[in-house]
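J.: Predicted model, plus sequence, below.
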Amino acid sequence: MKIVAHGIDLVELGRIAEVLERHGERFLDRVFTQREQADAAGVKRRVEKLAGRFAAKEAVLKLIGTGWRGKIAWTDIEVVNGEMGEPVVNVSGEVKRIADEMGVEQMTLSITHTAELAMASVVALRGVE
């Protein structure tokens, strides 16, 4: 197994709360898939969950080396919970195309929070069995 790339991002929860208050559904629909929105709707700390997912999306964009531009949509990156509750990243569209070109076979994701910050780290792997 070989590490192909790494991306990391840190987000202030207050910033996400502010954008949510200002732009509401427009922000949610632009950045998060319907599944991500549904997952966040049912939790006690909604802003924390959304901020972690936002940080994960930014970390993936850093991992593929593009940032958010061109044909990339925020919803090309979806963060869901795996069988054990761990965060899992799924990519589609332009992000998947770029990741495939890089030889990425799997992305592993870790998200952490404090009362004020959310951080995500994504590692891209090749040679996964």
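T.: That came through fine.
J.: what ranges do the helices span in this protein?
T.: 13-31, 34-41, 46-64, 93-102 (DSSP state H).
J.: Most tightly packed of the ones you listed?
T.: Among these, ranked by average contacts under mean count of other Cβ atoms under 10 Å, first place goes to helix 46-64 (a mean of 24). Any C-beta I mention is one placed from the backbone N, CA and C, and that applies to glycine too.
J.: That one vs helix 13-31, what angle?
T.: If you take axes from the mean of the first three to the mean of the last three Cα atoms, to 10 degrees, helix 46-64 sits at 70 degrees to helix 13-31.
J.: just the CA coordinates of helix 46-64, formatted as PDB?
T.: Listed next in PDB are the C-alpha coordinates belonging to helix 46-64 (Å, rounded to 0.1, in the frame of the first residue of the first chain):
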ATOM      1  CA  ARG A  46     -25.600  20.100  13.800                       C
ATOM      2  CA  VAL A  47     -23.100  23.000  13.200                       C
ATOM      3  CA  GLU A  48     -20.300  20.800  14.500                       C
ATOM      4  CA  LYS A  49     -21.300  17.900  12.200                       C
ATOM      5  CA  LEU A  50     -21.600  20.300   9.100                       C
ATOM      6  CA  ALA A  51     -18.300  22.000   9.900                       C
ATOM      7  CA  GLY A  52     -16.500  18.600  10.100                       C
ATOM      8  CA  ARG A  53     -18.000  17.600   6.800                       C
ATOM      9  CA  PHE A  54     -17.000  21.000   5.300                       C
ATOM     10  CA  ALA A  55     -13.500  20.600   6.500                       C
ATOM     11  CA  ALA A  56     -13.400  17.100   5.000                       C
ATOM     12  CA  LYS A  57     -14.500  18.400   1.600                       C
ATOM     13  CA  GLU A  58     -11.800  21.100   1.700                       C
ATOM     14  CA  ALA A  59      -9.200  18.500   2.700                       C
ATOM     15  CA  VAL A  60     -10.200  16.300  -0.300                       C
ATOM     16  CA  LEU A  61      -9.800  19.300  -2.600                       C
ATOM     17  CA  LYS A  62      -6.300  19.900  -1.100                       C
ATOM     18  CA  LEU A  63      -5.500  16.200  -1.500                       C
ATOM     19  CA  ILE A  64      -6.300  16.300  -5.300                       C
END
